[in-house]
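In: model the following, please.
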Amino acid sequence: MTAIQAVYVRGHEERPDPKPHIVYRIEIQAHVRSWQMWRRYSEFVELHTELTKSTGSSPPAPLPPKNSLAILRGPFRDSSSMTEERRAGLETYLRAIISAKDDKWRECYAFRDFLGVPVGRQGTMAEGSVSSKQFSSSSWLDEHLELQAKIRDIRADINKRDALSDRGDVSASHTANVQAKKKLAETLSRVRTLKQGLQELGMAAMAQGELQRRTDMVARLQDDCEKLGKMVTVTRQASRPAAAPSSQGFTNVAIAPESDRAALLSLSKPVTRVFGAKKPQETEMTRPLDDHGLVQLQNTQLEQQDNQLATLTHILQRQRHLGEAIGAELAVHNELLDELNTDVDRVGGKLISAKKQLNRLG
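Out: Predicted coordinates for the structure are as follows:
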């Protein structure tokens with residue numbers, strides 16, 4: 001996580017809604033990005049109260065006092081010098097918290113939320129895991145997008161490793177693989193934190209449908225990380241054209257001889273039972289591969305089929321859950337209809353009794 005480098009209050013703006021008031025523009029600068037927030041003076045007062053209550057002591061700098069004559073002068077009639085004085089005081093207040101030796105004020109969640117610090121960039125916090133309670137609904141989605149970008153970076157590093165390996169640059173290939181492993185370890189930690197944050201949001205009365213959708217999003221991230229973990233731990237066995245014999249009389253990777261390939265694909269003895277009418281045939285994909293390449297290709301295709309089956313299984317499970325939910329809803333409606341039928345019969349009986357009494361009276 002990157003630290004906040006500087007905070008400025010560099011302007012103000014007059015807004016008419018919901019009633020006339022002044023908001024101040026706060027600019028926050030971090031290592032790799034910057035952003036801005038708009039806050040009213042009353043929000044600064046609420047922040048000061050929350051920081052004092054949470055930490056047990058007031059922040060290192062006081063808030064500029066509220067002008068008691070502003071009401072008599074009317075909205076926006078305060079002089080520019082008084083507004084500028086308050087702006088400078090608010091900037092001094094924030095800078096004092098950022099530069100204080102004691103980090104208890106800037107570590108407070110209320111302060112990070114006031115500055116709109118994105119998840120994964122919490123101020124001057126030390127490098128480490130993010131507390132799941134720091135997630136809001138929107139910041140959780142921001143973190144998910146960042147993790148997706150991180151996964152794409154890891155795939156790019158793996159592709160770079162394979163390309164360097166094909167060119168014979170072993171050192172650079174190893175470096176790219178190490179970088180991919182480091183990024184994957186960090187991503188796994190953040191995915192676990194994201195999952196914990198979703199559990200906290202689920203207990204905070206998030207809609208069941210949205211909770212299920214986000215659970216699926218985390219599951220897909222975990223699947224991607226698992227696949228990338230297999231890819232970074234297994235070195236690719238690249239297929240290359242046959243090279244000239246080395247001084248030791250062998251090549252690094254060679255295409256299988258045509259005689260071996262013919263023996264492999266031909267039927268040397270009669271077969272009593274055949275599944276399918278076609279014999280094994282070469283394809284453009286298998287022709288340049290040796291036996292190790294064929295095995296690797298087969299494993300890759302099997303893994304793709306397994307992934308497709310897993311996706312299909314997940315879809316069927318979702319359909320089953322939806323069917324069960326619909327069945328439960330129909331059962332509830334049936335019970336309500338039974339109760340309504342009972343009430344109708346009871347009211348009908350009362351109407352018949354009342355009609356008989358009216359007939360006797362008539």
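In: could you give me the average pLDDT of stretch 46-53?
Out: Average pLDDT, stretch 46-53: 91.
In: what residues does that stretch touch?
Out: Here stretch 46-53 makes contact (C-beta atoms under 8 Å, 6 or more residues apart in numbering) with 58, 59, 63, 93, 97, 105, 108, 110, 111, 114. (Glycine included, C-beta is placed from N, CA and C.)
In: centre-most residue in the chain?
Out: Central residue of the chain (C-alpha atoms, centre = their mean): residue 144, 1.5 Å from the mean position.
In: this protein: helices as residue ranges?
Out: Along the chain, the stretches classed as helices by DSSP state H are 41-55, 70-73, 80-99, 109-115, 137-166, 170-203, 208-233, 258-265, 291-361.
In: redo the ones you listed as CSV? Include distance to residue 31.
Out: Shown next, in CSV, are the helices of the chain (distance: least, C-beta to C-beta, whole Å):
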stretch, distance to residue 31
helix 41-55, 24
helix 70-73, 39
helix 80-99, 14
helix 109-115, 15
helix 137-166, 15
helix 170-203, 16
helix 208-233, 25
helix 258-265, 56
helix 291-361, 37
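In: and those helices, which is most packed in?
Out: Mean neighbours per residue, mean count of other C-beta atoms under 10 Å, is largest over the helices of the chain for helix 109-115, with a mean of 18.
In: still on that earlier bit, residue contacts, the residue nearest to the centre of the chain?
Out: 194, 214, 217, 218, 221.
In: and those, which two are furthest apart?
Out: Maximum pairwise distance in the contacts of residue 144, criterion C-beta to C-beta, is 10.6 Å, between 214 and 221.
In: how much space between residue 339 and residue 332?
Out: Residue 339 sits 11 Å away from residue 332, going by C-beta to C-beta, to the nearest Å.
In: I should have written residue 19 there, sorry.
Out: Counting by C-beta to C-beta, the gap from residue 19 to residue 332 is 47 Å.
In: which residues of the stretch 51-200 of the chain score low on pLDDT?
Out: Within the stretch 51-200 of the chain, the segments meeting pLDDT under 70 span 67-79, 118-134.
In: quick one, what contacts residue 285?
Out: Contacts for residue 285 (C-beta under 8 Å, 6+ apart) come out as residue 297.
In: which of the helices of the chain sits closest to residue 281?
Out: The nearest among the helices of the chain, by C-beta to C-beta, is helix 258-265 at 7.6 Å.
In: so for that closest one, mean pLDDT?
Out: For helix 258-265, the mean pLDDT works out to 62.
In: test my guess that residue 35 contacts residue 26.
Out: No - using C-beta atoms under 8 Å, residue 35 makes no contact with residue 26, being 9.3 Å away.
In: of the two, who's got more company?
Out: For residue 35 versus residue 26, the count of surrounding residues by other C-beta atoms under 10 Å is larger for residue 26: 22 against 14.
In: any idea of the pLDDT on that one?
Out: Listed pLDDT for residue 26 reads 92.
In: tell me what it is bridged to.
Out: Beta-bridge partners recorded for residue 26 (DSSP bridges): residue 9, residue 37.
In: in contact with it, which residues?
Out: Going by C-beta under 8 Å, 6+ apart, residue 26 touches 7, 8, 9, 36, 37, 38, 39, 94, 115.
In: hmm, the last one is touching residue 29, no?
Out: No - between residue 115 and residue 29 there is no contact, the gap being 11.0 Å when judged by C-beta under 8 Å.
In: pull up the overlap in contacts between those two.
Out: What both residue 115 and residue 29 touch, as defined by C-beta under 8 Å, 6+ apart, is the set 4, 7.
In: gap between residue 15 and residue 56?
Out: 35 Å.
In: between these two, which one's more packed in?
Out: It is residue 15, of residue 15 and residue 56, that has more neighbours when counted by other C-beta under 10 Å, with 13 against 8.
In: tell me the pLDDT of the more buried one.
Out: So residue 15 comes in at 85 (pLDDT).
In: quick one: contacts for it?
Out: Neighbouring residues of residue 15 by C-beta under 8 Å, 6+ apart: 21, 22, 23.
In: which of the helices of the chain sits closest to residue 283?
Out: Comparing these by C-beta to C-beta, helix 291-361 comes nearest, at 10.1 Å.
In: for the closest one, packing partners?
Out: Where contact means 3 or more C-beta pairs under 8 Å, 6 or more residues apart in numbering; DSSP states H and E, helix 291-361 is packed against helix 208-233.
In: by how many degrees do the helix it packs on and helix 291-361 diverge?
Out: Helix 208-233 and helix 291-361 are oriented at 170 degrees to each other (axes from the mean of the first three to the mean of the last three C-alpha atoms, to 10 degrees).
In: which elements pack onto helix 208-233?
Out: helix 137-166, helix 170-203, helix 291-361.
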